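Peer 1: Kindly generate the corresponding structure for this input.
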Amino acid sequence: MILEILTAAVTMFTPILILMLADLATGLAKAFKCHHKISSSKLRSTVSKTIVYFIVLVIGGCLSTLGEDSVAVLFAVFLGIVEGVSILENLGEMYPQHKFIAKLKAILNKKQKENGDE
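Peer 2: Predicted coordinates:
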C-alpha cells in the first residue's frame, strides 16, 4: 500500500517538478534580464515549496488508494496551474512587449481585480 501511494505521488509529481524547474529557470532568466538581485532566500523557498508540493501529492496518493482519484488529480492540476501562472508572470516581466504575453497578463490582472487579490 505504501508503494502504491508513493508511486501515485511520484507519477503526479513528475510533471509538477518539470513546471517547477521551468519556473525556476524563467525566474533566474528574469533576474538576469531585468537586473534583479538573485537571493538565496528565494532559492530556499523553492526547495521548501518542492517539499510541500510533494507532501500534498503524497496526500493525493493516499486519497487515490482510497478511490478518490479525482481529488488527487485536482491537487496536481491546481499545483500545475500555480506554476504555469508563475512562469507566465516571469515571461511577462521579461518580454512585456510580446502581444500574447501582454494579453495573458491583462487577463490575469483582470481576474485578480475581480477577486480582489490586489
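
Peer 1: all contacts plus neighbour counts: C-alpha atoms, from now on.
Peer 2: Noted.

Peer 1: middle-most residue in the chain, spatially?
Peer 2: Glu83 (1.9 Å; C-alpha atoms, centre = their mean).

Peer 1: ok, that one touching Leu17?
Peer 2: No - counting by C-alpha atoms under 8 Å, Glu83 stays clear of Leu17, with 9.5 Å between them.

Peer 1: how about the lengthiest helix in the chain: buried residues?
Peer 2: The residue-count maximum for a helix in the chain (DSSP state H) belongs to helix 2-33. The neighbour-count check on helix 2-33 (16 or more other C-alpha atoms under 10 Å) flags 5-6, 8-10, 12-13, 16-17, 19-20, 22-24, 26-31 as buried.

Peer 1: Setting aside sequence neighbours, what's the nearest residue to Glu4?
Peer 2: Using C-alpha to C-alpha, 6 or more residues apart in numbering and skipping the chain neighbours, the partner closest in space to Glu4 is Thr65 (7.2 Å).

Peer 1: ok, now which ones touch the one you found?
Peer 2: Contacts for Thr65 were tallied using C-alpha atoms under 8 Å, 6 or more residues apart in numbering; they are 1, 4-5.

Peer 1: let's see 10 Å
Peer 2: By C-alpha atoms under 10 Å, 6 or more residues apart in numbering, Thr65 lies in contact with 1-2, 4-5, 8, 72.

Peer 1: and if you look at Leu19?
Peer 2: Per C-alpha under 10 Å, 6+ apart, neighbours of Leu19: 13, 25, 79-84, 86-87.

Peer 1: Let me see the ranges of the helices in this structure.
Peer 2: Using DSSP H, helices in the chain cover 2-33, 40-65, 69-94, 99-115.

Peer 1: Would you convert those helices into CSV that also reports mean pLDDT?
Peer 2: As requested, those are exported to CSV (pLDDT from 0 to 100):
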stretch, mean pLDDT
helix 2-33, 86
helix 40-65, 84
helix 69-94, 86
helix 99-115, 77
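
Peer 1: Could you export stretch 79-88 as PDB, CA atoms only?
Peer 2: Taking Å, rounded to 0.1, in the frame of the first residue of the first chain, the C-alpha atoms of stretch 79-88 are listed here in PDB:
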ATOM      1  CA  LEU A  79      -0.300  23.000  -8.400                       C
ATOM      2  CA  GLY A  80       0.400  22.900 -12.200                       C
ATOM      3  CA  ILE A  81      -1.800  26.000 -12.700                       C
ATOM      4  CA  VAL A  82       0.100  27.800  -9.900                       C
ATOM      5  CA  GLU A  83       3.400  27.000 -11.500                       C
ATOM      6  CA  GLY A  84       2.100  27.800 -15.000                       C
ATOM      7  CA  VAL A  85       0.900  31.300 -13.900                       C
ATOM      8  CA  SER A  86       4.300  31.900 -12.200                       C
ATOM      9  CA  ILE A  87       6.100  31.100 -15.500                       C
ATOM     10  CA  LEU A  88       3.800  33.400 -17.400                       C
END
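
Peer 1: Understood, closing this out.
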